[in-house]
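Trainee: Provide a 3D model corresponding to the input given below.
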Amino acid sequence: MQFAFFRLRLRFEAIDAVRFPSKLTANVLRGALGYALRQVGCRCGAEIHAPGCAYARIFEPRTAPGAGPSGFAEQPRPFVLRTRHLEGQIVAPREPFSIDVHLFDLREPGLGYFVDAFSLIAREGFGRLRGQARLTSVEQLDADGLVRGQASDDRLEPISMALEANGDPSGRARTRAAGAKARPTHRRGAGAGARNELP
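Mentor: Okay, the predicted model is just below:
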C-alpha cells in the first residue's frame with residue numbers, strides 16, 4: 001500500500017532574533033497558522049464558514065451534517081508541521097531557518113494559502129517576542145528529504161511512500177507522545193486492581 005503526499009520546506013531569513021519555545025513550537029506555529037489562514041483564506045466574516053472557504057477546508061475541516069457518526073464531524077487537518085529541530089532555538093538576525101510542511105490533500109493542497117499565511121506570520125513575527133523574518137523560498141522535497149526544486153501550485157508532484165516494510169505488512173507499530181509518561185491503563189468494571197498490560 002502506498003501513501004502519497006506533498007513534502008515542502010519553507011525557508012526563512014531572520015530579521016530580528018527569533019526565539020522558538022521548548023516543546024511547544026509546533027503548537028505555537030499551528031496557532032499562528034490558524035490565525036494567518038483566517039486572514040488570507042476566509043471571506044466568510046462569520047463563525048459558520050461558507051462552502052468553499054479555504055480556511056475552513058484547511059484548518060477546520062468538517063464532515064457534512066448527517067454524513068457520518070457525530071464523533072467524526074471534525075476531520076483531521078490535511079497538513080502536518082515538522083518543527084522539532086526548532087524547539088528551544090534562538091535564530092540570530094540574518095540567519096536562515098526552515099519549517100517543513102506535509103500536505104495530504106492531493107486535489108487541493110492550498111500551497112498559495114500556506115505561502116501567504118507564513119509570509120504574514122513572518123512579517124508579524126514569530127513567538128511571544130514577535131521576532132520578524134522573511135520567507136525566502138518554498139521547496140519541494142523528495143521522500144529522502146532532498147530538494148526536488150522550487151514549489152508552486154502548478155508544479156507540485158506528490159511523493160509516495162510504502163506503508164509496508166519490504167513488501168510485508170508490519171506486525172508492530174510504535175508511537176511516542178512527547179512529554180507523556182507511559183502508565184498502565186485500567187479496564188472499566190474489572191475491579192480496582194485490574195490493569196491492561198500493554199505489549
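Trainee: tell me the buried residues in the lengthiest helix in the chain?
Mentor: Ranked by residue count and defined by DSSP state H, the top helix of the chain is helix 25-41. Residues 25-26, 28-30, 32-34, 36-38, 40-41 are the ones in helix 25-41 that count as buried (16 or more other Cβ atoms under 10 Å). C-beta here means a position set from N, CA and C on the backbone, and glycine is covered the same way.
Trainee: just the helices in this protein please.
Mentor: Using DSSP H, the helices of the chain run over 25-41, 54-59, 111-124.
Trainee: quick check: residue 74 touching residue 61?
Mentor: Yes. The pair residue 74 and residue 61 qualifies as a contact (Cβ atoms under 8 Å) at a distance of 7.5 Å.
Trainee: now do the buried residues in the lowest-mean-pLDDT helix or strand in the chain.
Mentor: Using mean pLDDT, DSSP states H and E, strand 159-162 stands out as the lowest-scoring helix or strand of the chain, at a mean of 87. In terms of neighbour count (16+ other Cβ under 10 Å), strand 159-162 has its buried residues at residue 159.
Trainee: what does stretch 93-110 give?
Mentor: For stretch 93-110, the neighbour count (16+ other Cβ under 10 Å) marks 97-101, 103, 109-110 as buried.
Trainee: so how far does that stretch reach from one end to the other?
Mentor: This stretch, stretch 93-110, spans 30 Å end to end (Cα to Cα, to the nearest Å).
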